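Visitor: following is a predicted model, sequence given first.
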Amino acid sequence: MPWLPSASILLLLGVIQPAAAQVFELDRTDEPPSASQQQPRDPLGRDTPRDAITSFIRAVERDDFVSAARYLEVTEAQRRHTEELARDLKALMDRYFSQALTTVSDSPSGVVNDGLPAERERAGPLTIGERKIDIELLRVNDPRAGPIWLISSDTLALVPSLHDAIAESWIERSMPESLVSRKLFGLSLAHWLVFVLSLIVPLLLLALISGICIVAARGIIRDPEHERALNTWYVGIRWPAVASLALFIDSGARAAIDFPPCLCASRAVALCDRARVVRAAAAGTVVRPCARDHEG
């Protein structure tokens with residue numbers, strides 16, 4: 001029957017076509033979602049623990065406490081004191097936050113193997129004397145933004161007592177209020193002045209002492225060959241030794257007067273932004289900085 005081959009071919013095509021369609025459909029479902037299908041990022045920058053902390057710091061730094069409150073999980077009792085809590089927490093972080101912000105988790109899921117529940121994350125700690133207090137973040141589900149990270153109310157509950165326990169440093173007691181109240185990169189002008197003086201004064205004094213010592217040594221040594229060796233040694237070692245000793249003295253002096261870390265939270269945010277931009281440029285991609293200025 002001549003129609004049998006044609007019928008067989010049509011039957012075969014009828015079986016192959018649906019199967020092929022299923023294969024192609026399967027391939028399409030395996031494709032990653034396009035950028036438009038992916039969940040949009042939180043416009044306030046609370047997608048990751050690092051973004052939440054750095055965005056909070058930026059908001060307080062520009063005195064935008066309406067925005068700063070959006071990074072805090074406040075209870076009803078705490079809500080009336082949100083501005084004070086935000087300001088005091090930022091002051092504590094500037095002074096005692098001991099973790100590099102670039103090492104805080106930048107993953108939306110946080111650190112998964114830190115022994116904490118999946119919805120909780122630790123940052124810090126705040127190192128106050130012998131005490132170490134973690135800043136705890138909590139992942140919550142926002143009706144509009146989806147999963148976001150907030151500084152937990154448990155951490156905020158500790159802020160008043162921690163801030164009240166801070167004694168005024170020697171700089172804050174001794175320097176004019178006009179220098180103490182004005183800030184640059186999170187440090188008061190009084191602190192910057194002391195920092196510069198604690199470097200320059202030892203450097204100048206040590207340079208003067210080393211000059212006096214070499215003059216005295218030259219007066220004692222009579223052998224020209226020994227004098228040339230002394231001069232060679234002096235030229236090679238003087239400034240490295242002076243600089244090293246000046247830094248050592250500066251470090252000890254700042255510790256003695258309870259000087260806050262030079263890499264305060266505000267400055268660390270700027271460095272964090274810069275590090276991410278550099279990594280993005282190296283990878284040939286555009287990456288959002290650690291923290292952005294958001295409109296309240």
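Guide: Structure's in. What do you need?
Visitor: quick one: low-confidence ranges for the stretch 151-296 of the chain?
Guide: 167-168, 186, 258, 260-296 (pLDDT under 70).
Visitor: helices along the stretch 151-296 of the chain, start to end?
Guide: Listed in chain order, the helices of the stretch 151-296 of the chain (DSSP state H, counting those that start in this stretch) span residues 153-164, 170-174, 177-181, 189-220, 224-256, 265-283.
Visitor: now the longest one, how far from the centre of its chain.
Guide: Taking CA atoms, centre = their mean, to the nearest Å, one finds helix 224-256 lying 35 Å from the centre of the chain it belongs to.
Visitor: repeat for the second one
Guide: A distance of 27 Å separates the centroid of the chain from that of helix 170-174, by CA atoms, centre = their mean.
Visitor: so for that helix, what gets flagged as buried?
Guide: Buried positions in helix 170-174, judged by neighbour count with 16 or more other CB atoms under 10 Å: 171-172. Every residue, glycine included, has its C-beta placed from N, CA and C.
Visitor: now distance to residue 68 too, for the helices of the stretch 151-296 of the chain, in CSV please.
Guide: Below are the helices of the stretch 151-296 of the chain laid out as CSV (distance: least, CB to CB, whole Å):
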stretch, distance to residue 68
helix 153-164, 12
helix 170-174, 24
helix 177-181, 20
helix 189-220, 23
helix 224-256, 29
helix 265-283, 13
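Visitor: out of those, nearest to residue 107?
Guide: Closest of these to residue 107 is helix 265-283, at 13.7 Å (criterion: CB to CB).
Visitor: quick one on the thing from earlier: among the helices of the stretch 151-296 of the chain, which is nearest residue 55?
Guide: From the helices of the stretch 151-296 of the chain, taking CB to CB, the stretch that ends up closest is helix 265-283, at 8.8 Å.
Visitor: picking up where we left off before, looking at the helices of the stretch 151-296 of the chain, which is nearest to residue 106?
Guide: Nearest of the helices of the stretch 151-296 of the chain (CB to CB): helix 265-283, 8.3 Å.
Visitor: ok, and what's touching stretch 70-80?
Guide: 44, 46, 52-53, 55-56, 59, 82, 85-86, 138, 140, 150-153, 156-157 (CB atoms under 8 Å, 6 or more residues apart in numbering).
Visitor: tell me which of these fall in strands.
Guide: 138, 140, 150-151 (DSSP state E).
Visitor: now do residue 117 against residue 139, distance only.
Guide: 9 Å (CB to CB, to the nearest Å).
Visitor: so for the two, which residue has more residues nearby?
Guide: Counted by other CB atoms under 10 Å, residue 117 and residue 139 do not tie: residue 139 has more neighbours, with 20 against 9.
Visitor: which ones are touching the more buried one?
Guide: Contacts of residue 139 by CB under 8 Å, 6+ apart are 110, 118-121, 147-150.
Visitor: closest to residue 217 out of those?
Guide: The closest of those, once distances to residue 217 are taken by CB to CB, is residue 121, at 59.5 Å.
Visitor: how about the helix or strand hosting that closest one: buried residues?
Guide: Applying DSSP states H and E as the criterion places residue 121 in strand 120-128. Neighbour-count burial for strand 120-128, counted by 16+ other CB under 10 Å, picks out 120-124, 126.
Visitor: surely residue 43 meets residue 145?
Guide: Yes - counting by CB atoms under 8 Å, residue 43 touches residue 145, with 7.3 Å between them.
Visitor: more neighbours: which of the two?
Guide: residue 145 (17 against 11).
Visitor: quick one, what contacts that one?
Guide: 42-44, 46.
Visitor: for the closest residue in space to residue 41 that isn't next to it in sequence, what are its contacts?
Guide: Excluding its sequence neighbours, the residue lying closest to residue 41 (CB to CB, 6 or more residues apart in numbering) is residue 47, at 5.3 Å. By CB under 8 Å, 6+ apart, the contact list for residue 47 reads 41, 108, 147-149.
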